[in-house]
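1. Provided below are the primary sequence and the corresponding predicted coordinates.
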Amino acid sequence: MKKAVHRQPLVSVIIASMNNVTTLQRCIDSFSAQTYEYKQLLIIDGASTDGSEEILRKNNQVINYWESEPDRGIAHAWNKALKNANGEWIIFIGSDDTFADSTVLEEFSRKISGYSLNNGKIIYGKIKIFLPEGGYLDTQGMDWQAIRAVFFSEKMMIPHPACFHHHSVFMHYGLFDEEFSIAVDYEFLLRVLRNEEAVFLPDFVVTNMTFGGLSSRVVNLLAMQRECDKALKKHGVKPTGYKRALNVFIYQVLGVVIKYGGEQMAARLLDTIRVILGKDPVWTRK
């Protein structure tokens, strides 16, 4: 009797980019270096003016689909990519991020060999966060059962650049909501995980993420929390949690500091709070 051969799934990697010419090639190289054969790369550039389009043209043989046109934000960019994605599993990474090593997609395929979708259609691992200059900052990603309560009452707890989505979730639950500009991933996962399960793969670092994106800017912290609250309310959940209340208070204070003293002063205040809490500074770290 001939032994059945497991069909390896196609993995679509989607990148939304806007004026990230200094990191875009590194990100593409990270995809090219993947030893896994069944992969495709889709890049949606928001009509960058910094030379990004030239990089996309230069990598035309590596990228399965790309465009450089004005868009309405990251949700719109991701949605455009999804319409051209053929993967059974789909992952979204930033244009300033890289895969943790060259075997990430191969390792993912190995881990889900024989996997049943009844176990969950959202599978995630960990991300390592680095400062723009390269220094290591943190590793994020915890077991779903440990973070579930906070996820459904307070804020995003799944590291999205380490999250693989089965293509069927977009068919069943729709695309990303363009009303959100920062908590886009959170709103979508809230929508999905009210009905599906998430599966955490411990000891599986998927992505190296660069600290300093849209959601990590001091000036955007309160806006991020408000969008998380908006996403929860959209799905009939009242935002709760003492940590959330404390964060809102701190972010409101930071807003006043930014208004009268500038973002750098607010960054120093926020890092002072982190140091008091026994954490390393991040916004003013040299």
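-> Good, I have the coordinates. The shown structure was predicted, so the numbers you read here are calculated from the model rather than taken from an experiment.
2. for the rest of this, base every contact and every neighbour count on C-alpha atoms.
-> Noted.
3. low-confidence stretches in the stretch 101-250 of the chain?
-> 212-217 (pLDDT under 70).
4. can you pull out the strands in it?
-> 122-130, 136-140, 163-166, 198-210 (DSSP state E, counting those that start in this stretch).
5. tell me which of the ones you listed lies nearest to Ala100.
-> Ranking those by distance to Ala100, with CA to CA as the measure, places strand 198-210 first at 4.7 Å.
6. contact partners of that closest one?
-> 93-94, 96-101, 104, 119-132, 142-144, 161-162 (CA atoms under 8 Å, 6 or more residues apart in numbering).
7. mind checking which helix or strand the residue lying closest to Asp280 once chain neighbours are set aside is in?
-> With CA to CA, 6 or more residues apart in numbering as the criterion, Asp280 has its nearest non-adjacent residue at 6.4 Å, and that residue is Arg274. For Arg274, the host element (DSSP states H and E) is helix 263-276.
8. pull out the buried residues from that helix.
-> Within helix 263-276, the residues that qualify as buried by neighbour count (16 or more other CA atoms under 10 Å) are Glu263, Ala266, Ala267, Arg268, Leu269, Leu270, Asp271, Thr272.
9. ok, back up a step: would you reformat the strands of the stretch 101-250 of the chain as JSON lines and include distance to Thr35?
-> Output for those, formatted as JSON lines (distance: least, CA to CA, whole Å):
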{"stretch": "strand 122-130", "distance to Thr35": "19"}
{"stretch": "strand 136-140", "distance to Thr35": "24"}
{"stretch": "strand 163-166", "distance to Thr35": "18"}
{"stretch": "strand 198-210", "distance to Thr35": "14"}
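10. relative to Met18, how far out is Ala85?
-> 20 Å (CA to CA, to the nearest Å).
11. what does Phe130 give?
-> From Phe130 to Met18 the distance is 20 Å (CA to CA).
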